[in-house]
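Asker: what follows is a protein structure lacking sequence information:
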């Protein structure tokens, strides 16, 4: 795939799935602590999300950084919008803001029961 | 190659002269840092925009020379 094809592919993925997490490893087997934290937060909120393992494709790994102008993985997208990486997602979760965003965007989730 | 805390602080200070910067070397290995940056420049920006501004100040080091920088930003 060309760099442009990869950008188009990423755009389709984040547009076609309500919640997408670009991560190192998979949701069942994360291979990086930061990716694991975000996956755990989403699981704790009972959010159904699509995981994309960037370790399986170097083009996607670099392409998603260019897509969002964000230098690191993981990256969380909700309804096509880039929400943030691990620090931001954790901060939002602890402040209850992540739930607000999910509610505003019509994504089903549980209530937060504890802090990560 | 790891980056020294002073280098991180210097690059951030160049871009945000008013910033209050606190950098913690989390593992003592010069490779895992936590930084808190408070600057007027962040006012009215989203968290994503604030972090992007800091990453720009670090001129591509983030994700490269700088493996892990837990970042917290705020306006005063």
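Answerer: It's in. Since we're looking at a predicted model, the values are computed, not measured.
Asker: and the residue of chain A found nearest chain B, which helix or strand is it part of?
Answerer: Residue of chain A nearest chain B, by C-beta to the nearest C-beta: residue A:71 (3.6 Å). Every C-beta, even on glycine, is put in place using the N, C-alpha and C of the backbone. Using DSSP states H and E, residue A:71 sits within no helix or strand.
Asker: could I get the full set of helices for chain B?
Answerer: Along chain B, the segments classed as helices by DSSP state H run B:5-15, B:47-57.
Asker: now do the residue lying farthest from the centre of chain B against residue B:50, distance only.
Answerer: The C-alpha centroid of chain B is most remote from residue B:44, which lies 18.5 Å away (C-alpha atoms, centre = their mean). According to C-beta to C-beta, to the nearest Å, residue B:44 stands 10 Å off from residue B:50.
Asker: ok and the residue in chain B nearest chain A?
Answerer: Among all residues of chain B, residue B:63 sits closest to chain A, at 3.6 Å; criterion: C-beta to the nearest C-beta.
Asker: how about the residues of chain A near chain B?
Answerer: Contacts of chain A with chain B, taken as C-beta under 8 Å from any C-beta of the partner chain, map to A:34, A:65, A:69-72, A:82-88, A:91-92.
Asker: out of those residues, which sit inside helices?
Answerer: Among the residues of chain A next to chain B, the members falling in helices (DSSP H) are A:34, A:65, A:86-88, A:91-92.
Asker: mark which of those are buried, thanks.
Answerer: Among those, those buried by neighbour count (16 or more other C-beta atoms under 10 Å in any protein chain shown) are A:34, A:65, A:86-88, A:91-92.
Asker: could those go into JSON lines alongside distance to residue B:37 and pLDDT?
Answerer: Putting these into JSON lines (distance: C-beta to C-beta, whole Å; pLDDT from 0 to 100) gives the following:
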{"residue": "A:34", "distance to residue B:37": "19", "pLDDT": "93"}
{"residue": "A:65", "distance to residue B:37": "21", "pLDDT": "95"}
{"residue": "A:86", "distance to residue B:37": "17", "pLDDT": "95"}
{"residue": "A:87", "distance to residue B:37": "12", "pLDDT": "94"}
{"residue": "A:88", "distance to residue B:37": "14", "pLDDT": "96"}
{"residue": "A:91", "distance to residue B:37": "14", "pLDDT": "94"}
{"residue": "A:92", "distance to residue B:37": "18", "pLDDT": "96"}
